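Asks: The sequence and its predicted three-dimensional model are supplied below.
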Amino acid sequence: FVYNEGEILAFLRVLNQKPKPLEIKITIFEGLNSFQIAKLLKENLKINEKTFLSLINDSSFINELSKKFEKLKNLKSLEGFLFPETYVFFEGEDEKFIVEKLVQTFFDKIKPFDSLFNNSKLKFYDIIILASIVEKEALYEDEKPLIASVYLNRLKRNMPLQANPTLAYVLKANTYWLSEEALKYNSPYNTYLYLGLPPTPICSPSLSSILAVLKAKETNYLFFVANKDGRHLFSRTYEEHIRNIRKVKK
């Protein structure tokens, strides 16, 4: 075969073209924390895990984002704002772009519920923190507003939340069944020792968990314990709570 000059140039252009970056669909599941999300993105997109995590706690970066998302103003962490969703990214995507995309999606998703946030007695950040705890405690959607009500009732009464997931977060534990020694661990994330909410969210809550806090059931419940099937028994008094604990242990 004899190629003319135009065909040769076209062939050379094809050879010199960089391969198109690979598009990758990735799902960030509800209840993952920033460390788990960083690991997931590293495994699937080959991002730099340390760079991603440093951005999550970079005050200057968060301050820059707060110019677009004012709710982030004065926050020290983006934990809780990395919205759980299915995304399409390119392999090797810039870490900053990914974080901005996740945060943008968070605010896009909650936008229709501005009136609920504005009418809530809780501060915006506290809603997200509490929603993250509800996310980690609830296995069933219908229980989320009940679990939220328990924590809200305990906050009103100045009772410690005693939420195992908050302590598991700071201990990086893979279970909520914590030892007596672990329960003594001195950290503001230990809601057995410290009153009120932990300093930050402990995971990325789903929209349903956020709405569960905004639309929490009105109850007198102060306690709950998980059954073997993951559902919970709720109680108003400590005595009733002890009886429920005995029930689930049978």
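Replies: Ah, there it is.
Asks: Name the spans of this protein whose pLDDT lies under the cut-off.
Replies: For the chain, residues meeting the criterion pLDDT under 70 lie at 1-21.
Asks: ranges for the helices of it?
Replies: Ranges of helices in the chain, per DSSP state H, are 5-16, 34-45, 49-56, 59-65, 95-110, 114-119, 124-137, 144-156, 164-171, 207-214, 238-249.
Asks: The spatially most central residue of the chain: what's it in contact with?
Replies: Nearest to the mean C-alpha position of the chain, by CA atoms, centre = their mean, lies Ser204 at 1.2 Å. Counting by CB atoms under 8 Å, 6 or more residues apart in numbering, Ser204 makes contact with 28, 30-33, 37, 79-84, 132, 135. The way it works is simple: take the backbone N, C-alpha and C, and place the C-beta from them, glycine included.
Asks: run the last query once more with 7 Å
Replies: Listed by CB atoms under 7 Å, 6 or more residues apart in numbering, the contact partners of Ser204 are Ile28, Glu30, Leu32, Gly80, Leu82, Phe83, Pro84.
Asks: How much space separates the third one from Leu178?
Replies: So the one you mean is Leu32. 20 Å (CB to CB, to the nearest Å).
Asks: Against Leu183, how distant is the nearest residue to Asn186 once chain neighbours are set aside?
Replies: Spatial nearest neighbour of Asn186, excluding adjacent residues (CB to CB, 6 or more residues apart in numbering): Leu193 at 6.7 Å. Distance, Leu193 to Leu183, by CB to CB: 8 Å.
Asks: ok so, going back, of all the contacts of Ser204, which two lie farthest apart?
Replies: Ile28 and Gly80 (12.6 Å; CB to CB).
Asks: Settle it for me: which of the two has more neighbours?
Replies: Legend: neighbour count by other CB atoms under 10 Å for Ile28 and Gly80, higher for Gly80 (24 against 19).
Asks: For that one, give me its contacts.
Replies: Gly80 touches Ile128, Ile129, Ser132, Thr200, Pro201, Ser204, Pro205, counting by CB under 7 Å, 6+ apart.
Asks: Is Gly31 in contact with Glu135, as I believe?
Replies: Yes. Using CB atoms under 7 Å, Gly31 is in contact with Glu135, at 4.9 Å.
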